[in-house]
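Novice: Sequence first, predicted model second:
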Amino acid sequence: MIQSHPPAAWRTGGARQPWHIALAGGSPLSFAALWERHDKSGDGLETFTIITTEAVEGLADIHHRQPAIIHPDPFGDWLDLASPSEQLLNRVRRPCAGPFENRPVGSRMNSVANHDTALLDPVCPATP
């Protein structure tokens, strides 16, 4: 499970536009992920990948795919090593469907050098 705040997505098709994506009510967004530790060279490299799926309603108009968003209610199940793998996999197959609060934000969102609260200021959407 990877927490993301503030996540952004780029609209595909037409003019490129970053969008801030949040769950309605401000609940944290967490994504299903796979983690692995590589120790072939003895340096203990740890890596992860975020699982993606087809976009749900409320996000599909921004992009055709999305991270598999984990609903906030069962976070404990994801952290419990005794949770049945099949149960967790079924949740990934049916990711959280929102509701979402999305808004266009400026292109400064695209740089790791920027990390101020103005990144979340809404802007007028880009036109194609």
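Specialist: Ah, there it is.
Novice: D73: how many residues sit nearby?
Specialist: 9 (other CB atoms under 10 Å). (C-beta placed from N, C-alpha, C; glycine too.)
Novice: Ramachandran angles for it?
Specialist: phi -60, psi -50 (degrees, to the nearest 10).
Novice: What's the biggest helix in this structure, counting residues?
Specialist: As assigned by DSSP state H, the longest helix anywhere in the chain is helix 85-93.
Novice: Direction included, what does the helix or strand that it is followed by pair against?
Specialist: Downstream of helix 85-93, the first helix or strand assigned by DSSP states H and E is strand 100-104. Strand pairing for strand 100-104, using DSSP bridges, gives strand 18-23 (antiparallel).
Novice: Which residues does the strand it pairs with contact?
Specialist: 6-11, 29, 59, 62, 72, 96, 98-107, 109-110, 120, 122 (CB atoms under 8 Å, 6 or more residues apart in numbering).
Novice: Generate a PyMOL selection restricted to the buried subset of the residues you listed.
Specialist: This is the PyMOL syntax for the buried subset of the contacts of strand 18-23, where burial follows 16 or more other CB atoms under 10 Å:
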select buried, resi 8+9+11+29+59+62+96+98+100+102+104+105+106+109
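Novice: now the helices: where do they sit in the protein?
Specialist: According to DSSP H, the helices that the chain contains are 75-79, 85-93.
Novice: Go through those helices and name the closest to I51.
Specialist: Comparison of these against I51 by CB to CB identifies helix 85-93 as nearest, at 5.8 Å.
Novice: if we can go back for a sec, would you mind listing the buried residues in the longest helix of the chain?
Specialist: L88, R91.
Novice: Packing partners of it?
Specialist: With contacts taken as 3 or more CB pairs under 8 Å, 6 or more residues apart in numbering; DSSP states H and E, helix 85-93 sits against helix 75-79.
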